[in-house]
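Q: next input, structure requested:
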Amino acid sequence: MIAPMASTFRRLSSLLLTSSLSPSEDPARAVLQARADHFSNLVTWSTVVVAIGVALEGVEIVHDGIVWIKRNRREKRELILLKEVAETFPSDETKRQTELHSDHPRWVKRVLRLGLIAVVIGVVGEWRYGAKLEDSHNAIHKYDVEKLTAAENKAGDAARSAKDAHDLGVDLLGKYKAAEHEIVELKAAKLPRRLSSDQKATFRRAVASFKVRTFNISCSIPGGNMKEPLDFELDFVDAIDKKTPVQFQYRFGCMALVGFRAFIPPIQVEAGADRADDEETLIKALIDMGINKKEITKTNADSGFLGLTIGPKAP
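A: This next block holds a predicted model:
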């Protein structure tokens, strides 16, 4: 009885494993499973035959019990009769006849033999078909393991391919970003400086937060073409909203410095001692706008003065 239960458990485990491995029907595995199901049914029928045989053998026990009950009742009746007869005849003259042996009827013997034969056939069937069922489950398990191993190998190959593709993508992305950075630097070197709408908004917010409400914007060049610095200066002027509570002055043209000043910084911030906070706010805004900190020069000015001067574009 234990062998069929263990085989059934292994079959259920195998079915669960297969359902997780291949949701679609597998013809090869279906053949193996059909073979296992066949032997499983034979083992089940063998167990049923054993159970029938055991039940037939139990007929003898039932028959003996019924015979014993009848004999016990009969003996009680005989004992009562002997007591009644003993009152008339001496006790030594009456003898009780005892049934020493009660043979089984012919039909009980036949049923007993059939039960014994059924038990033998069932036990042999359980042993034989149980071994074949075990072999079938081993074949299914081997097949599932092979499929699982193949799936793991494919998954490993896919993972390696994905990693290679990822590494290649990272390498290409790095090269793209480097090229993009070079293009940005090249554009910055060749194209004139201008402010975007976001940069203007950043500058406007900084000016609106000044503690002292005065501000100057101008541009200076060492001579020559003044279009690029002037356009850049006017972008700063245009960035300041007319509703901003700050009075500012600006130049419509660039001051040309010739001879006595060999170097004019690209961005110059002039501030008096009492405008240190506003100076810091202005410089931070320029850096947030993307202007290189190295291009910004700070100089001292008269008290209460804060000015931004746009110089020529850095080489």
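
Q: give the other helices and strands that the one helix or strand residue 140 maps to contacts.
A: Under the criterion of DSSP states H and E, residue 140 resides in helix 106-190. Helices and strands touching helix 106-190, by 3 or more CB pairs under 8 Å, 6 or more residues apart in numbering; DSSP states H and E, are helix 2-21, helix 27-86. Every residue, glycine included, has its C-beta placed from N, CA and C.

Q: among the ones you listed, which gets the worst mean confidence?
A: The weakest mean pLDDT among those belongs to helix 2-21, with a mean of 48.

Q: hang on, the earlier thing: check which element follows the helix holding residue 140 along the chain.
A: Counting by DSSP H and E, what follows helix 106-190 is helix 197-208.

Q: show me what counts as buried in that next one.
A: Residues 199-200, 202-204, 206-207 are the ones in helix 197-208 that count as buried (16 or more other CB atoms under 10 Å).

Q: so where's the chain shaky on pLDDT?
A: 1-25, 57-61, 63-65, 84, 86-104, 108-109, 184-185, 187-189, 223-225, 257-262 (pLDDT under 70).

Q: longest strand anywhere in it?
A: Secondary structure of the chain per DSSP state E: the longest strand is strand 214-221.

Q: and that strand, how far from the chain's centre?
A: Centroid separation for strand 214-221 versus its chain: 60 Å, with CA atoms, centre = their mean, to the nearest Å.

Q: go on, stretch 133-140?
A: 34 Å.

Q: one more: stretch 292-299?
A: That offset, for stretch 292-299, works out to 52 Å (CA atoms, centre = their mean).

Q: quick one: end-to-end distance for that stretch.
A: 17 Å (CA to CA, to the nearest Å).

Q: and it, which residues are buried?
A: residue 296.

Q: 87 is where my numbering starts, stick with that
A: Sure thing, new numbering starts at 87, so read that last one as stretch 378-385.

Q: with only the CA atoms kept, save stretch 349-357 in PDB.
A: Output of stretch 349-357 as PDB, limited to C-alpha atoms (Å, rounded to 0.1, in the frame of the first residue of the first chain):
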ATOM      1  CA  PHE A 349      42.700  92.900 -21.000                       C
ATOM      2  CA  ILE A 350      39.000  93.200 -20.500                       C
ATOM      3  CA  PRO A 351      37.300  90.200 -18.800                       C
ATOM      4  CA  PRO A 352      34.300  88.500 -20.500                       C
ATOM      5  CA  ILE A 353      32.100  89.100 -17.400                       C
ATOM      6  CA  GLN A 354      32.900  91.800 -14.800                       C
ATOM      7  CA  VAL A 355      31.000  92.400 -11.600                       C
ATOM      8  CA  GLU A 356      31.600  95.700  -9.800                       C
ATOM      9  CA  ALA A 357      30.300  96.100  -6.200                       C
END
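
Q: can you list contacts of that stretch?
A: Here stretch 349-357 makes contact (CB atoms under 8 Å, 6 or more residues apart in numbering) with 306-308, 343, 364-365, 368-369, 372, 377, 381-387, 391-400.

Q: just the buried members of those?
A: Here, 16+ other CB under 10 Å leaves 306-307, 364-365, 368-369, 372, 377, 382, 387, 391-398 buried among these.

Q: of these, which belong to strands?
A: Going by DSSP E, the strands hold 306-307, 382, 392-396 from the buried ones among the contacts of stretch 349-357.

Q: and the residues you listed as TSV, adding distance to residue 164?
A: Output for those, formatted as TSV (distance: CB to CB, whole Å):
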residue	distance to residue 164
306	148
307	149
382	135
392	140
393	144
394	139
395	144
396	141
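
Q: what's the farthest-apart pair in the residues you listed?
A: Spatially, the most separated pair among these is 307 and 392, at 21.6 Å (CB to CB).

Q: run a quick neighbour tally on residue 171.
A: Look at residue 171: counted by other CB atoms under 10 Å, it has 12 neighbours.

Q: figure out how far stretch 253-271 is from the centre of its chain.
A: Here stretch 253-271 shows a centroid-to-chain-centroid distance of 32 Å under the convention CA atoms, centre = their mean.

Q: no, scratch that, I was asking about stretch 377-387
A: The answer for stretch 377-387 is 53 Å, by CA atoms, centre = their mean.

Q: what about that stretch, how long is it end to end?
A: 22 Å.

Q: try stretch 394-401
A: By CA to CA, the extent of stretch 394-401 from end to end equals 20 Å.

Q: circling back: starting at the chain centroid, how far to the helix or strand following the longest strand of the chain?
A: Counting by DSSP H and E, the next helix or strand C-terminal to strand 300-307 is helix 313-325. Centroid separation for helix 313-325 versus its chain: 55 Å, with CA atoms, centre = their mean.

Q: list the buried residues in helix 313-325.
A: Buried residues in helix 313-325 (16+ other CB under 10 Å): 314-316, 318-322, 325.

Q: since that was my last question, I'll sign off now.
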